[in-house]
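In: Build me a model from this:
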Amino acid sequence: EVQLVESGGGLVQPGGSLRLSCVGSGFTFDDYAIGWVRQAPGKERESIACIGSSDGTLYYQDSVKGRFTITRDAAKNTVYLEMNGLQPEDTAVYYCAADLVCVVIAGAPYDYYGRGTQVTVAS
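Out: Now for the predicted structure:
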């Protein structure tokens, strides 16, 4: 059974930082691109970052470029999302997602999703 488990969310003040983690199991982690998708209340889910399986692909949505960094640790089956300069508009549930390639088309789904972790940016 494919499992993606996120952690690291929480409440942070504007300008603060958080690091999200996603641990994958039940599939060959190295064969899959791993992305982060977020959904704010009343808004559609949006893909914000992705790291390819082995081709070095990196994708960032314009709204997070320069602030968020995605990395992967193959030995730990883990992908991280380092988030700096957080703003209230970054408040959302953040989901880890997996597919054979990065999904960058708006509205297109990944094959697998975790349950999500809440990130709230407020003073």
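In: Okay, the residue most central in space within the chain and G10: tell me how far apart.
Out: By CA atoms, centre = their mean, the chain has its centre lying nearest to W36, at 2.0 Å. From W36 over to G10 the distance is 16 Å, taken as CB to CB, to the nearest Å. In short, each C-beta sits where N, CA and C put it, glycine included.
In: What of S17?
Out: When CB to CB is the yardstick, S17 and G10 sit 11 Å from each other.
In: cool, F27 as well?
Out: From F27 to G10 the distance is 28 Å (CB to CB).
In: Number of residues surrounding N77?
Out: N77 has 18 neighbouring residues, counting by other CB atoms under 10 Å.
In: what sits up against stretch 103-117?
Out: Surrounding stretch 103-117, the residues in contact under the criterion CB atoms under 8 Å, 6 or more residues apart in numbering are 2-9, 20, 22, 27, 33, 35, 37, 39, 44, 46-47, 50, 59, 93-100.
In: In strands only, show me the residues you listed.
Out: Using DSSP state E, the members of these that fall in strands are 3-7, 20, 22, 33, 35, 37, 39, 46-47, 50, 59, 93-99.
In: hang on, the earlier thing: which of F27 and G10 has more residues huddled nearby?
Out: Neighbour totals were compared for F27 and G10, and F27 leads with 16 against 13 (other CB under 10 Å).
In: for that one, what are its contacts?
Out: V2, A98, Y112.
In: As CSV, these with distance to A106 would be great.
Out: As requested, these are exported to CSV (distance: CB to CB, whole Å):
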residue, distance to A106
V2, 24
A98, 19
Y112, 19
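In: Pull out the buried residues from those.
Out: Buried members of the contacts of F27, scored by 16 or more other CB atoms under 10 Å, are A98, Y112.
In: which one among the contacts of F27 gets closest to G85?
Out: Distance ranking of the contacts of F27 against G85, using CB to CB, places A98 first at 26.8 Å.
In: circling back: now, of the ones in strands among the contacts of stretch 103-117, which are buried?
Out: 4, 6, 20, 22, 33, 35, 37, 46-47, 50, 59, 93-99.
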